[in-house]
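Visitor: here you go, sequence then predicted model.
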Amino acid sequence: MRLLRAENPRLVICALTGYDAEEIVGAAPPLPSWPREDRAMLARKHGEAIAAGGGEFEARLVRKDGAEIHVLVRLSVRATAGAGQP
């Protein structure tokens, strides 16, 4: 098992999945690393976590090279300038 933490979570998802930042940063669900058969479930879990202001769930992802990985996804919602925050 490998634990990756970074100030920039985008770097973690790139390291885990093998996708370049340009392929996934800012992409709306479904993400390229989501297996086709899990996309509806992952979209639901992702949406629920975002709506709750954060959360975590287990997921199966597919690396760009086709290898399957199992991960614990932790999402948090950060306020950004212009979104009602100073």
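Guide: Happy to help now that I have it. Residues are numbered from 1 along each chain as shown.
Visitor: strands of this structure, start to end?
Guide: Remark: strands assigned in the chain by DSSP state E are 54-62, 68-76.
Visitor: now mean pLDDT, mean neighbour count and distance to Ala40 too, for those, in a markdown table please.
Guide: For the C-beta atoms, the positions are set from N, CA and C on the backbone; glycine is no exception. Formatted as a markdown table, the strands of the chain follow (pLDDT from 0 to 100; neighbours: other CB atoms under 10 Å; distance: least, CB to CB, whole Å):
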| stretch | mean pLDDT | mean neighbour count | distance to Ala40 |
| --- | --- | --- | --- |
| strand 54-62 | 93 | 15 | 13 |
| strand 68-76 | 89 | 13 | 16 |
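Visitor: any idea how far Ala21 lies from Val62?
Guide: Distance, Ala21 to Val62, using CB to CB, to the nearest Å: 18 Å.
Visitor: please disregard the earlier target; I meant Pro29.
Guide: Per CB to CB, Pro29 is found 15 Å from Val62.
Visitor: do the same with Leu72
Guide: Using CB to CB, Leu72 is found at 16 Å from Val62.
Visitor: also Glu48?
Guide: Distance, Glu48 to Val62, using CB to CB: 22 Å.
Visitor: so how far is stretch 15-24 off the chain centroid?
Guide: 11 Å (CA atoms, centre = their mean, to the nearest Å).
Visitor: next, the distance between the ends of it.
Guide: 12 Å (CA to CA, to the nearest Å).
Visitor: in it, what's buried?
Guide: Thr17, Gly18, Tyr19, Ile24 (16 or more other CB atoms under 10 Å).
Visitor: is it true that the last one touches Pro30?
Guide: Translated: Ile24. No. Using CB atoms under 8 Å, Ile24 makes no contact with Pro30, being 11.0 Å away.
Visitor: so who does the residue nearest to Leu61 when sequence neighbours are not counted touch?
Guide: Nearest residue to Leu61, sequence neighbours excluded (CB to CB, 6 or more residues apart in numbering): Ser33, at 4.4 Å. Listed by CB atoms under 8 Å, 6 or more residues apart in numbering, the contact set of Ser33 reads Ile13, Thr17, Tyr19, Ile24, Leu61, Val62, Arg63, Lys64.
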